[in-house]
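Asks: Here's a sequence, model it:
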Amino acid sequence: MARRSVLLLVAALIALAGTAMIVLYVQGIDARATKDQELVEVLVAADAIETGESVADAQEAGKIEKTEVRRADMVDGSLSSTSSISDLVAIGAIYPGEQLIAKKFGSLGDTESLVIPDDKMAVSVELTDFERVAGFVNPGNEVAVFATPQDLTALLPDGKDRQLGDYTRIVLTRAPVLGVGTTSVTSRTTKTEDGEQVAEEVARTILTLGVSQDDAEKLIQADRNSDLTFALLTDDSKVSDGPGARPSDLFPELFRSLRP
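Replies: Model (predicted):
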């Protein structure tokens, strides 16, 4: 009799344990199902965001909005705020309704293709590291372009040519850098203090600017007939066209003493 009672008790405990396990399993399923149905806030594209378009411009144009989606429909890496991408641009096209993810944004140099402003055209020039601010010029920067002409002459009213002499003057006051190409090495011949000619290797890099037609003509002409130098600008840099600088402007007292 006692043995039968023990067996019944064991059977009852096993039944209770089995029931508890079933209850816990069902609760786990319900919890997972509820979690997947939970609504979470994400950013989506309300309109197409073009390659190279900045997050700030897209926001200003109303192309980014918040919406709620089921957690099960949330894309891995999707964003709920633009704080981490506020200074970046779209590196590929983003289509309406698409959830915004961090890997779709980067610097202008990361874009899948060259991004040219609607009212501009792209013109490339090749510069040494020295001429492009020691390599600190990158896509997205703005630059001023200076030219130092080589052996240029001007036609006078009497029909005679006059040597313009050495001078440096600004060609473009502010232009956006659209791309920076690969760097190649070329040879350049220089003279030593003893007058000997020595060949040296110089790194040259192609830089592409976004310019108007008028500025493109100036830049191409300057590139063909002058030594170009880029100056890296900030938003607060003050740049204006002027008469330029000649050797006599560097040492005015010396040049005055040379006059007859």
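
Asks: element containing the closest residue to residue 170 other than its chain neighbours, please.
Replies: Spatial nearest neighbour of residue 170, excluding adjacent residues (CB to CB, 6 or more residues apart in numbering): residue 146 at 5.4 Å. Placement of C-beta: from N, CA and C, glycine included. If you go by DSSP states H and E, residue 146 is part of strand 142-149.

Asks: Buried ones in that strand, by neighbour count?
Replies: 142, 143, 144, 145, 146, 147, 149 (16 or more other CB atoms under 10 Å).

Asks: Contacts for it, please.
Replies: With CB atoms under 8 Å, 6 or more residues apart in numbering as the test, strand 142-149 has contacts from 133, 137, 164, 166-177, 209, 219, 222, 225-233, 237, 239.

Asks: mind listing what that strand pairs with, with the direction of each?
Replies: strand 169-191 (antiparallel), strand 226-233 (antiparallel) (DSSP bridges).

Asks: List the buried residues in whichever strand or helix holds residue 122.
Replies: Residue 122 is part of strand 121-128, with elements assigned from DSSP H and E. For strand 121-128, burial by neighbour count (16+ other CB under 10 Å) applies to 123, 125, 126, 127, 128.

Asks: cool, and stretch 61-75?
Replies: Under 16+ other CB under 10 Å, the buried positions of stretch 61-75 are 63, 64, 74.

Asks: pLDDT at the first one, what is it?
Replies: Spelled out, it's residue 63. On the pLDDT scale, residue 63 is placed at 92.

Asks: thought it was touching residue 45?
Replies: Yes. If you go by CB atoms under 8 Å, residue 63 and residue 45 touch, sitting 6.0 Å apart.

Asks: before we move on, back to that, so among the contacts of strand 142-149, which ones count as buried?
Replies: Here, 16+ other CB under 10 Å leaves 133, 137, 167-173, 175-177, 209, 219, 222, 226, 228-233 buried among the contacts of strand 142-149.

Asks: tell me the contacts of residue 245?
Replies: With contacts defined as CB under 8 Å, 6+ apart, the neighbours of residue 245 are 167, 168, 169.

Asks: now it: how far from residue 141?
Replies: Separation of residue 245 from residue 141 (CB to CB, to the nearest Å): 24 Å.

Asks: okay, now the domains of this protein?
Replies: Domain assignment for the chain by automatic domain parsing gives 39-110, 121-258.

Asks: Start and end of the shortest one, how far apart?
Replies: Read that as domain 39-110. End-to-end distance for domain 39-110, by CA to CA, to the nearest Å: 33 Å.

Asks: Would you mind listing where the stretch 151-260 of the chain has pLDDT under the threshold?
Replies: Within the stretch 151-260 of the chain, the stretches with pLDDT under 70 are 151-159, 161-165, 182-193, 195, 197-202, 251-260.

Asks: now swap in the stretch 1-150 of the chain and tell me
Replies: In the stretch 1-150 of the chain (pLDDT under 70), the answer is 1-13, 15-20, 22-36, 109, 112.

Asks: which residue ranges form the strands in it?
Replies: Taking DSSP state E, counting those that start in this stretch as the test, the strands found in the stretch 1-150 of the chain are 39-45, 64-70, 89-90, 105-106, 121-128, 142-149.

Asks: Now do the last one against strand 121-128: the angle between them, please.
Replies: Taking axes from the mean of the first three to the mean of the last three CA atoms, to 10 degrees, one finds that strand 142-149 is oriented at 60 degrees with respect to strand 121-128.

Asks: now swap in the second one and tell me
Replies: With the same axes, to 10 degrees defining the directions, strand 64-70 sits at 100 degrees from strand 121-128.

Asks: so what secondary structure elements neighbour strand 64-70?
Replies: For strand 64-70, the elements it packs on are strand 39-45, judged by 3 or more CB pairs under 8 Å, 6 or more residues apart in numbering; DSSP states H and E.
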